[in-house]
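A.B. asks: Got a predicted structure plus its sequence, pasted below:
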Amino acid sequence: MPRRPKPRPYRKRERARQEEATRQRITEAAVELHGTLGPAKTSISEVARQAGVSRVTVYNHFPTEADLFVACSTHWGTEHPFPDPAPWRAVADPAARLADALRDLYRWYRDNRGMLTHVFRDLPVVPAMRAAMDRSWFVYLDEVVGVLMADWDVARGERAALEAMLRLVLEFRTWESLTTAGLGTPAAAACASRMVAGAVPRSPAGNG
């Protein structure tokens, strides 16, 4: 029996290219739906329809919901990168550093409000999304908190309170509440930074 000819390299490359294009199309369809309907209301059937593929094809590329959320998070994050903490580290005064960080972060919230509103709304009811957020947003948030915790002259035993206040003002919901109350984004950032600076329990002189 004659041997079947092996697939030529260019055919393998073309198939791989097509598979990657399909994967990208599915990812982009899911991102679009997450930003309009929200993750909780986005079904695999709707993703397949939006991408122009079958449900089986979606599952072939993304066997679990968590796999799809990770791909979506990575894709969206590449196009909408988190504010860079590096410039904040260069600011010696912790209150000024916080003001700069909140200004940049709140501007990012404003510019990406549509997607973030849906994501943070649905996070408690979509467990599979937590894995993607743990690998991206919550890692980033911990880094930001670490940058902002440095150099405050805080009373002994009050570091936990400082961290709690920082995490509160860094929340998307805090920006949303302040701007819904009528503040513009720059004013909201300034207000939140003053709240923390004014509430930090200072250490007595000489006690560090």
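C.D. replies: In hand now; what should we look at? Predicted model, so just to flag it, every value in this text is computed and none were measured. Numbers count the residues shown, from 1 in each chain.
A.B. asks: can you give me the strands in the protein?
C.D. replies: With DSSP state E, there are no strands along the chain.
A.B. asks: so where's it shaky on pLDDT?
C.D. replies: 1-8, 10, 203-208 (pLDDT under 70).
A.B. asks: which helix in it runs the most residues?
C.D. replies: helix 9-36 (DSSP state H).
A.B. asks: For that helix, buried residues please.
C.D. replies: Across helix 9-36, burial judged by 16 or more other Cβ atoms under 10 Å covers 22-23, 25-35. For every residue, glycine as well, the C-beta is placed using N, CA and C.
A.B. asks: tell me the contacts of the residue nearest the centre of the chain?
C.D. replies: With distances taken as Cα atoms, centre = their mean, Trp137 lies nearest the centre of the chain, 3.8 Å away. Contact partners of Trp137, counting by Cβ atoms under 8 Å, 6 or more residues apart in numbering, are Ser73, Phe82.
A.B. asks: Relative to Arg25, how far out is Arg49?
C.D. replies: 12 Å (Cβ to Cβ, to the nearest Å).
A.B. asks: Would you quantify the distance from the residue nearest to the centre of the chain to Ala71?
C.D. replies: Remark: distance between Trp137 and Ala71 (Cβ to Cβ) = 15 Å.
A.B. asks: again with Pro94
C.D. replies: Counting by Cβ to Cβ - Pro94 and Ala71 are separated by 37 Å.
A.B. asks: Also Glu20?
C.D. replies: 12 Å.
A.B. asks: Please apply the same query to Glu19.
C.D. replies: Applying Cβ to Cβ, the value for Glu19 to Ala71 is 14 Å.
A.B. asks: again with Pro63
C.D. replies: Distance of Pro63 to Ala71, given as Cβ to Cβ: 12 Å.
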